[in-house]
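Chemist: sequence plus the predicted model coming up.
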Amino acid sequence: MTRHRITQKPGASQRMLRVGELVRHAVVEIFAQEGVHDPVLEGHTLTFPEVRMTPDLRQATVYVMPLGGRDADMVIGALNKNKRWLRGALSKRVAMRYMPELHFRIDERFDEAERIDKLLRAPEVARDLKRDRREDSE
C-alpha cells in the first residue's frame, strides 16, 4: 500500500494566518502612530480587517475599507503610491527574513453582507421561511 502525503492544504496554514495578523497589526500601528503623509490618506479613516499571505510569505494582500466606503479607488491609489515607504516602516516593526511585497485591495465583505441581508429580507424568502416553520410544527 502506497501512502500519499498531501502537501498543499486548502485554505491558509497557521503560519500564514499568524504572519498575516502580525503584519495587519503592524500596518494599523503605523497608521495610528506615524500616519502616512499623503493628502488622500490623511483625509480618510481606514479599517484594515485582514491581511492574507501567500504560502511563501513574500506577498501580502492588505484588505482595506475607508470609512463609509467613500473614495475607495483614490485610497487604493494612494496606498499603492506609498507602499514602498509602508514596506520600509513595516520592516522596522516586524522581524521577517523577507519583508513581503504589499498589495492593497478594497474589502468587499461589507457589501456582500449587505447583499445577503437584503436577500434574507426579501418577501419571497420571508414567505418560504414561514411555510417551512409551519411544516416543522406539524
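Modeler: On my side now, so go ahead.
Chemist: I'd guessed Ala78 sits against Asp38; true?
Modeler: Yes. Under the contact definition of Cβ atoms under 8 Å, Ala78 touches Asp38, with a separation of 4.9 Å. Just so you know, the C-beta spots here come from the backbone N, C-alpha and C atoms, and that holds for glycine as well.
Chemist: more neighbours, those two?
Modeler: Between Ala78 and Asp38, counted using other Cβ atoms under 10 Å, Ala78 has the larger neighbour count: 20 against 16.
Chemist: quick check on the more buried one: phi, psi?
Modeler: The phi/psi pair for Ala78 (degrees, to the nearest 10) reads phi -70, psi -40.
Chemist: number of nearby residues for the nearest residue in space to it that is not next to it in sequence?
Modeler: Leaving aside its sequence neighbours, Ala78 sits nearest to Val40 (Cβ to Cβ, 6 or more residues apart in numbering; 3.9 Å). Counted with other Cβ under 10 Å, residues neighbouring Val40 total 17.
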